[in-house]
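In: What follows is a predicted structure for the sequence shown.
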Amino acid sequence: MRDGRRRVLYMEDDPAQARLVQKCLERAGYCVDLAPDGQAGLDLCAVKGYDALVVDQTMPVLNGLEVIRALAARDALPPTIMVTGTGNERIAVEAMKLGLSDYLVKDLKGAFLGMLPLSIERAIQHCGMQQELARAQKLEAIGRLAAGIAHEINTPIQYIGDNLRFLQDAAADIDALLAAYNRLLQAAKERTIADDLLDEIDAKREQIELEYLREEAPKAVAQSLEGVQHVASIVGAMKEFSHPGSRQKQAVDLNRAIESTLTVSRNEWKYMADAVLDFEAGLPPVLCLPSEINQAVLNLVVNAAHAIGQATRDGARGKGTITLRTRRDGDWVVIGVQDTGPGIPPEIRDRVFDPFFTTKEVGQGSGQGLAIVHSIVVDRHGGTIGFHSEMGRGTTFVLRLPIGAAAVAPVTAGNEREMCDSCAV
């Protein structure tokens, strides 16, 4: 903000139109910078922070859609309004997928000027609300994971402690026996071995169950080392899962990231389901925001566990299966998360990604899990998400992420089954 006012950048190649919009927005209380073309606008975005952008579609050098693509690829797209003299549904849809907040068509009477300040304010508020909701949902997930991880770590810690106490007692018993053997050795050197000393050693061996200790002590050590390794793997997975990383996209091994997410969320699914990993070997690194992709996979795994819990009455009818698969499909990587739950009823399938929509009882779910997954995959990474569901057999969610910075043409809506078949999910 400048002087308490929100800063807006308007990209427009028509000077008269640019001044008209600038005056309109300044009267509405905004501080407005102008850029005569898309490249100039990108250059200003690189050195200044803006609360919102207004982008004309038809501009020299770079048009509005190209500007939005460039900013989305850098994960630097603020609340953005596109304005155009002629409506183009294809451009609007593609821009919306990249994160465009609103799309306004200019009219000869200038009615859009009255709508523009409202559209900007609504976009800024909506962006802030989304960020707060995402933060709240992530904090909720972290709290739930922390409790689960504490439980997962507590089990090996308990038997490590039990084993150490056993070994401590065994060491004291063996020390007493060794003291008797030392006396026997000294007596042997002095050729004064007495029967009572031999009887003492026999009694001590029997008292401490020496043969039992010789058999069980190595097992206790091996079990403790296994427990330490288990704790180390959980801690390592948690570090990978929660590492904040950079705000810039990084090349990530998705197989490893998914495995870490499954490890840290184990307490969420282990009572209801067995997990199956079917990863394609040699999967190329994917340019993404690792913490956000971890969050998306976590939400899908937790949803799968809850679906299976619904079908099995929280495991009372036996366990289900959660299968996670990865495949490469040209310039995309495909992630499948499949459950053996009850399936999604047809009448609600078009609402599952809607914010706040949930079929759970009040207090059992915020309705943000799948909405956040959609936002992460589609808006933040230029990917796609779909699902295939059969009643009584389960659901498979399919995420497609572009491998590099530039996304390939997205898969059209409605062919989720083909996507499932193509990656064997």
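Out: Structure's in. What do you need? Numbering: from 1, shown residues only.
In: now the strands: where do they sit in the stretch 1-150 of the chain?
Out: Remark: strands of the stretch 1-150 of the chain, listed N- to C-terminal, are 7-11, 31-35, 52-56, 80-84, 102-105; assignment by DSSP state E, counting those that start in this stretch.
In: Repeat that for the stretch 251-400 of the chain.
Out: Assignment of strands within the stretch 251-400 of the chain using DSSP E, counting those that start in this stretch yields the ranges 273-278, 286-288, 320-329, 332-339, 384-390, 394-402.
In: Which of those comes out lowest on mean pLDDT?
Out: For the strands of the stretch 251-400 of the chain, the bottom mean pLDDT is recorded on strand 286-288, which sits at a mean of 90.
In: so where's the stretch 301-425 of the chain shaky on pLDDT?
Out: Along the stretch 301-425 of the chain, the model assigns pLDDT under 70 to residues 314-315, 355-368, 405-425.
In: Kindly recompute the last result at 90.
Out: Scanning the stretch 301-425 of the chain for pLDDT under 90 picks out the ranges 302-303, 306, 309-318, 347-376, 378-382, 404-425.
In: Neighbours of residue 89, how many?
Out: Burial of residue 89, expressed as a neighbour count using other CB atoms under 10 Å, amounts to 8. Just so you know, the C-beta spots here come from the backbone N, C-alpha and C atoms, and that holds for glycine as well.
In: Actually, residue 106.
Out: Residue 106 is surrounded by 19 other residues when neighbours are defined as other CB under 10 Å.
In: max-length helix in the protein?
Out: helix 111-189 (DSSP state H).
In: Could you point out the helix or strand that follows that one?
Out: Past helix 111-189, heading to the C-terminal end, the next element that is a helix or strand (DSSP states H and E) is helix 195-208.
In: List the contacts of residue 387.
Out: The neighbours of residue 387, taking CB atoms under 8 Å, 6 or more residues apart in numbering as the test, are 344, 349, 352, 395-398, 416.
In: neighbour-wise, which of those leads?
Out: Most neighbours among the contacts of residue 387, by other CB under 10 Å: residue 397, with 27 neighbours.
In: For that one, give me its contacts.
Out: When contacts are taken as CB under 8 Å, 6+ apart, residue 397 is in contact with 300, 303, 336-338, 373, 385-387.
In: could you redo the last one with a cut-off of 6 Å?
Out: Contacts for residue 397 were tallied using CB atoms under 6 Å, 6 or more residues apart in numbering; they are 300, 337, 387.
In: what does residue 43 give?
Out: Remark: with contacts taken as CB under 6 Å, 6+ apart, residue 43 is in contact with nothing.
In: give me that answer again for 10 Å
Out: For residue 43, the contacting residues are 35, 37, taking CB atoms under 10 Å, 6 or more residues apart in numbering as the criterion.
In: where does it sit relative to residue 149, distance-wise?
Out: When distance is defined by CB to CB, to the nearest Å, residue 43 is 46 Å away from residue 149.
In: what's the closest non-adjacent residue to residue 320?
Out: Leaving out its chain neighbours, the residue that sits closest to residue 320 by CB to CB, 6 or more residues apart in numbering is residue 308, at 3.6 Å.
In: quick one: that neighbour from residue 316, how far?
Out: Taken as CB to CB, the spacing of residue 308 relative to residue 316 amounts to 12 Å.
In: These two: who's more crowded?
Out: More neighbours surround residue 308 than the other of residue 308 and residue 316, with 25 against 8 (other CB under 10 Å).
In: That one is in contact with residue 337, isn't it?
Out: No - no contact is recorded between residue 308 and residue 337 when judged using CB atoms under 10 Å, the distance being 12.0 Å.
In: quick one: common contacting residues for these two?
Out: Residues touching both residue 308 and residue 337 by CB under 10 Å, 6+ apart: residue 322.
In: What distance do you get for residue 298 to residue 321?
Out: In this structure, residue 298 lies at 18 Å from residue 321, with CB to CB as the measure.
In: More neighbours: the two, which one.
Out: Ranked by neighbour count (other CB under 10 Å), residue 298 and residue 321 place residue 298 first, with 24 against 15.
In: nearest spatial neighbour of that one, skipping sequence neighbours?
Out: When the adjacent residues along the chain are set aside, residue 298 lies closest to residue 261, with 5.3 Å between them (CB to CB, 6+ apart).
In: Look up the pLDDT of the one you found for me, please.
Out: The predicted local distance difference test score for residue 261 is 88.
In: Now stretch 149-167 - C-alpha only, PDB.
Out: These are the backbone C-alpha positions of stretch 149-167, laid out as PDB (Å, rounded to 0.1, in the frame of the first residue of the first chain):
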ATOM      1  CA  ILE A 149       3.100 -38.900  15.000                       C
ATOM      2  CA  ALA A 150       3.300 -38.700  18.800                       C
ATOM      3  CA  HIS A 151       1.400 -42.000  19.000                       C
ATOM      4  CA  GLU A 152       3.500 -43.600  16.200                       C
ATOM      5  CA  ILE A 153       6.700 -42.600  18.000                       C
ATOM      6  CA  ASN A 154       5.400 -43.500  21.400                       C
ATOM      7  CA  THR A 155       5.000 -47.200  20.600                       C
ATOM      8  CA  PRO A 156       8.700 -47.900  19.600                       C
ATOM      9  CA  ILE A 157       9.900 -45.600  22.400                       C
ATOM     10  CA  GLN A 158       8.000 -47.700  24.900                       C
ATOM     11  CA  TYR A 159       9.500 -51.000  23.800                       C
ATOM     12  CA  ILE A 160      13.000 -49.400  23.500                       C
ATOM     13  CA  GLY A 161      12.600 -48.200  27.100                       C
ATOM     14  CA  ASP A 162      11.400 -51.700  28.200                       C
ATOM     15  CA  ASN A 163      14.300 -53.300  26.500                       C
ATOM     16  CA  LEU A 164      16.800 -50.900  28.000                       C
ATOM     17  CA  ARG A 165      15.500 -51.600  31.500                       C
ATOM     18  CA  PHE A 166      15.700 -55.300  30.800                       C
ATOM     19  CA  LEU A 167      19.300 -54.900  29.600                       C
END
